[in-house]
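Asker: Sequence and predicted structure are below.
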Amino acid sequence: MKALVYEGVETLVYRDMPTPVAGAGQSLIRIEASGICGSDMHAFLGHDSRRPAPLILGHEAAGVIVGGKKNGTRVTVNPLVTCGMCPACTTGRTNLCPERMIISMPPREGAFAAMVVMRTENLVVVPDHVALAAAALAEPISCGWHTARLCRRALPRGRRALAIGGGAIGLGAALSLKAQGVDDVTILEPNAARAAYLRDACGQTVVSEAELPHTATFDIVIDGVGYASTRATASAQVTPGGVIGHIGLGEDTSGLDIRRMTLQEITFIGTYTYTAQDFRDTAKAMFDGRLGALDWTETRPLSSGAQAFADIRAGRVTAPKIILEPEHA
């Protein structure tokens with residue numbers, strides 16, 4: 001099969017790779033759409049020791065089951081495999097399983113390929129009216145859905161929210177907050193071209209750093225970027241008694257105003273991916289239309305994946321997500 005293989009820092013090669021074989025309890029999936037995640041970019045730049053070369057990256061995927069009783073079934077992939085038996089798994093917090101594994105990390109190859117193998121119970125059936133390019137967004141949006149749910153649980157009456165970052169994570173968080181009952185949601189996006197795209201194509205309320213209020217205004221702030229500067233913004237913008245939900249993994253130090261958070265009783269929630277139930281709930285919300293048209297992607301052939309990574313790095317992409325589509329013989 002053809003795959004886009006990470007072979008070293010800033011090096012992606014489109015080449016032949018062995019076709020995977022499904023084992024017991026697994027399905028072979030013909031990939032039709034696979035999104036480029038920020039974590040894929042971190043690996044591409046050599047910033048992720050968990051993803052050593054050579055490796056097939058990609059974990060935001062949708063496709064069609066090949067073979068077996070469910071042959072031909074359209075599915076979206078929950079790429080997080082857990083043990084199912086530990087205290088985290090048995091209490092529904094599957095994302096905290098100590099044995100969790102995700103495709104695109106050894107020993108599991110990722111979805112920038114014609115085929116991928118995944119445990120069958122991790123697959124969610126996609127109805128015919130939903131495009132597979134849209135269904136591939138279930139994974140990134142689930143991250144925002146999970147964070148929005150935890151923030152809403154901590155502050156059920158929060159009515160004004162800020163999502164920091166206008167990529168798929170930040171936009172997914174904004175859409176999830178609205179779907180979960182938050183009335184007023186704003187996205188902070190510094191890139192003017194992307195901000196315009198979010199306003200014009202996605203109907204979102206978007207501001208730049210200079211346009212933020214000078215006083216703490218937002219009951220809920222979700223940081224989908226995770227840099228010191230964005231944590232500082234979250235600390236300054238959240239209201240007394242409010243909640244910060246932190247998804248981003250941009251860098252691991254500085255930014256939080258701990259004194260203000262202590263004196264104003266601000267809750268900080270670190271969040272990682274999503275539970276299996278969050279993934280299913282997100283997919284259902286997508287399929288029901290509660291998260292909008294989901295047409296805010298740009299699609300490119302998998303064979304052009306290296307150029308897509310270069311364009312993202314150079315800031316030439318206005319759409320929140322690039323979807324790569326394999327060319328099947």
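Answerer: Cool, the structure landed.
Asker: CA only for contacts and neighbour counts going forward, please
Answerer: Fine.
Asker: domain parsing for this protein?
Answerer: 2-137+294-325, 141-270 (automatic domain parsing).
Asker: Quick one: end-to-end distance for the first one.
Answerer: Start-to-end span of domain 2-137+294-325 (C-alpha to C-alpha, to the nearest Å) is 12 Å.
Asker: Adding distance to Q277, write the domains of the chain out as CSV.
Answerer: Shown next, in CSV, are the domains of the chain (distance: least, C-alpha to C-alpha, whole Å):
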stretch, distance to Q277
domain 2-137+294-325, 8
domain 141-270, 9
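Asker: With mean pLDDT added, can I get those in CSV?
Answerer: Formatted as CSV, the domains of the chain follow (pLDDT from 0 to 100):
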stretch, mean pLDDT
domain 2-137+294-325, 96
domain 141-270, 96
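Asker: How many neighbouring residues does V9 have?
Answerer: By the criterion of other C-alpha atoms under 10 Å, V9 has 14 neighbours.
Asker: mind checking how far it is from L96?
Answerer: 29 Å.
Asker: what's the answer for R313, then?
Answerer: Going from R313 to L96 by C-alpha to C-alpha gives 30 Å.
Asker: Looking at these two, which has the bigger crowd around it?
Answerer: Taking neighbours as other C-alpha under 10 Å, R313 and L96 compare with L96 leading, 18 against 12.
Asker: was I right about the more buried one contacting P87?
Answerer: No - using C-alpha atoms under 8 Å, L96 is not in contact with P87; the gap is 9.3 Å.
Asker: helix, strand or coil for L28?
Answerer: Secondary structure state of L28, per DSSP: H, G, I helix; E, B strand; the rest coil, is strand.
Asker: How about it: what's its closest non-neighbour residue?
Answerer: V117 (4.7 Å; C-alpha to C-alpha, 6 or more residues apart in numbering).
Asker: quick one, helices of the stretch 151-300 of the chain?
Answerer: 168-179, 192-200, 228-237, 258-263, 276-287 (DSSP state H, counting those that start in this stretch).
Asker: Could you work out which of the ones you listed reaches nearest to S49?
Answerer: For these, the distance to S49 is smallest for helix 228-237, at 21.1 Å, taking C-alpha to C-alpha.
Asker: Give me the contact list for the closest one.
Answerer: Helix 228-237 has contacts (C-alpha atoms under 8 Å, 6 or more residues apart in numbering) with 164, 213, 215-218, 221-223, 244, 251-257, 260-261.
Asker: Over to stretch 144-163?
Answerer: Contacts of stretch 144-163 (C-alpha under 8 Å, 6+ apart): 169-174, 176-177, 180, 182-188, 217-224, 242-247, 267, 269, 271, 273-275, 278, 282.
Asker: Which positions in it come out as buried?
Answerer: 144-152, 154-155, 158-163 (16 or more other C-alpha atoms under 10 Å).
Asker: Dump that stretch to CSV, keeping only the CA atoms.
Answerer: Taking C-alpha atoms only, stretch 144-163 is exported to CSV below (Å, rounded to 0.1, in the frame of the first residue of the first chain):
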residue,chain,number,x,y,z
GLY,A,144,-12.9,20.1,22.6
TRP,A,145,-16.1,18.2,23.4
HIS,A,146,-14.4,16.5,26.4
THR,A,147,-13.0,19.8,27.7
ALA,A,148,-16.2,21.6,27.2
ARG,A,149,-18.1,18.9,29.1
LEU,A,150,-15.6,19.1,32.1
CYS,A,151,-15.8,22.9,32.1
ARG,A,152,-19.6,22.8,32.0
ARG,A,153,-19.6,20.3,34.9
ALA,A,154,-17.4,22.6,37.0
LEU,A,155,-19.5,25.7,36.1
PRO,A,156,-23.0,24.7,34.9
ARG,A,157,-24.2,28.3,34.8
GLY,A,158,-21.3,29.7,32.8
ARG,A,159,-22.7,31.7,29.9
ARG,A,160,-19.8,33.4,28.2
ALA,A,161,-16.7,31.5,26.9
LEU,A,162,-13.5,32.1,25.1
ALA,A,163,-11.7,29.5,22.9
